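J.: here are the coordinates; sequence isn't available:
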């Protein structure tokens with residue numbers, strides 16, 4: 001890769017970041033901590049707010065956008081702008097005046113939302129007391145919509161439950177779909193599933209259309225566009241989290257990357273062994289009633305380390321490729337280039353059947369082993 005080409009890419013991405021994400025660093029408040037960030041109810045931020053820590057609790061007032069990342073996130077304050085959150089356990093309530101965009105593990109949304117809601121996660125819950133004036137776009141494993149939506153609902157997941165009401169159309173892609181008898185759909189219902197679902201009388205005001213998961217070309221384009229949109233959100237969430245981790249733990253991250261480069265086989269072995277033993281240990285704790293509290297602690301720590309190791313893997317792959325093309329000076333000035341390049345490489349590998357998937361699995365185990373080995377040596381000292 002020529003240096004001039006890389007610089008052009010860096011400049012284009014820099015403009016995007018400075019116009020979008022970068023504005024948060026120039027106004028309002030930035031709060032980075034290792035353990036906990038707490039914005040008290042009495043605090044007022046005139047501008048945008050960026051917070052990151054293991055636990056993030058925002059109860060104050062932000063006269064701007066809110067961007068938060070961490071293991072556990074709770075927003076119960078007030079925001080006059082958009083809310084962007086990325087983390088493991090996320091709860092968004094409080095007073096909101098903009099869009100809500102969330103990516104994470106277990107996600108709960110409640111309260112009034114005057115604009116749109118866009119969520120990608122493992123488990124997603126739109127609570128019963130929620131009122132969304134805009135539209136809702138959801139992608140995840142388990143999705144439950146119990147609140148009221150004034151606009152349209154678009155959802156894709158393994159299991160989707162609709163128990164609330166919507167004034168617009170509803171379109172769902174899922175293996176398992178449940179429409180409660182007390183749900184209300186003001187427009188049309190279109191669902192993509194292998195099985196026909198049961199819908200009570202007077203639940204759907206418009207037409208009900210069932211389509212198989214094998215969609216035609218136009219539907220495929222729409223669905224791919226939908227998935228692509230969530231991939232962009234996921235990428236931006238991970239990029240923001242990577243930038244935060246870079247700012248907070250630069251030296252620690254540098255040590256892990258150095259270890260991955262110096263001892264790749266040792267870290268790969270540690271990663272494979274850990275990925276086998278930790279789930280077994282969790283199962284043992286699960287069947288033991290005494291071990292339940294410890295199981296949740298270990299499970300939460302396991303998820304956090306997996307998230308961090310995934311980001312470390314992406315950054316390390318990008319760093320090694322940039323190093324191969326002697327772009328050290330450029331990546332020092334623009335460290336996020338390593339992340340972008342590594343992310344693109346991982347995405348390309350995912351496209352390649354079997355060999356690419358195996359490579360991604362080995363890279364994940366290699367990075368996970370690097371993080372586990374680093375933590376082990378830290379505890380040992």
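T.: Thanks, I have it. Given the structure is predicted, the values throughout are model-derived calculations rather than measurements.
J.: drop to CA atoms for contacts and neighbour counts, all remaining ones
T.: Will do.
J.: Can you name the next helix or strand after the helix or strand encompassing residue 340?
T.: Residue 340 belongs to helix 336-351 when assigned by DSSP states H and E. Per DSSP H and E, the first helix or strand lying C-terminal to helix 336-351 is helix 355-380.
J.: Domain-wise, how is this structure divided?
T.: For the chain, automatic domain parsing gives the domain ranges 25-98, 99-248, 249-380.
J.: what would those domains look like in JSON lines with mean pLDDT?
T.: Listed next are those as JSON lines, based on pLDDT from 0 to 100:
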{"stretch": "domain 25-98", "mean pLDDT": "82"}
{"stretch": "domain 99-248", "mean pLDDT": "83"}
{"stretch": "domain 249-380", "mean pLDDT": "77"}
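J.: Pipe those into a markdown table and attach mean neighbour count per row.
T.: Formatted as a markdown table, those follow (neighbours: other C-alpha atoms under 10 Å):
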| stretch | mean neighbour count |
| --- | --- |
| domain 25-98 | 20 |
| domain 99-248 | 19 |
| domain 249-380 | 17 |
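J.: Hmm, residue 140 and residue 160 touching each other?
T.: No. Counting by C-alpha atoms under 8 Å, residue 160 sits too far from residue 140 to count as a contact (9.0 Å).
J.: one step back: tell me how far the helix holding residue 340 is from the chain's mean position?
T.: What separates the centre of helix 336-351 from the centre of its chain is 16 Å, taken as C-alpha atoms, centre = their mean, to the nearest Å.
J.: Counting by contacts, list what that helix packs against.
T.: helix 217-248, helix 292-324, helix 355-380 (3 or more C-alpha pairs under 8 Å, 6 or more residues apart in numbering; DSSP states H and E).
J.: Hey, what's the angle from the last one to helix 292-324? Just curious.
T.: Pointing back at helix 355-380 there. On the basis of axes from the mean of the first three to the mean of the last three C-alpha atoms, to 10 degrees, helix 355-380 is oriented at 110 degrees to helix 292-324.
J.: From residue 276, how far off is the most centrally placed residue in the chain?
T.: Per C-alpha atoms, centre = their mean, the C-alpha nearest to the average position across the chain is that of residue 103, at 2.9 Å. Per C-alpha to C-alpha, to the nearest Å, residue 103 is found 27 Å from residue 276.
J.: same deal with residue 198?
T.: 41 Å.
J.: likewise residue 169?
T.: For residue 169, the distance to residue 276 - C-alpha to C-alpha - is 45 Å.
J.: cool, and residue 159?
T.: 28 Å.
J.: who touches the spatially closest residue to residue 198 that is not a sequence neighbour in this structure?
T.: Counting by C-alpha to C-alpha, 6 or more residues apart in numbering, residue 198 lies nearest to residue 179, which is 7.4 Å off, once chain neighbours are set aside. Residue 179 is in contact with 161, 162, 163, 197, 198, 199, counting by C-alpha atoms under 8 Å, 6 or more residues apart in numbering.
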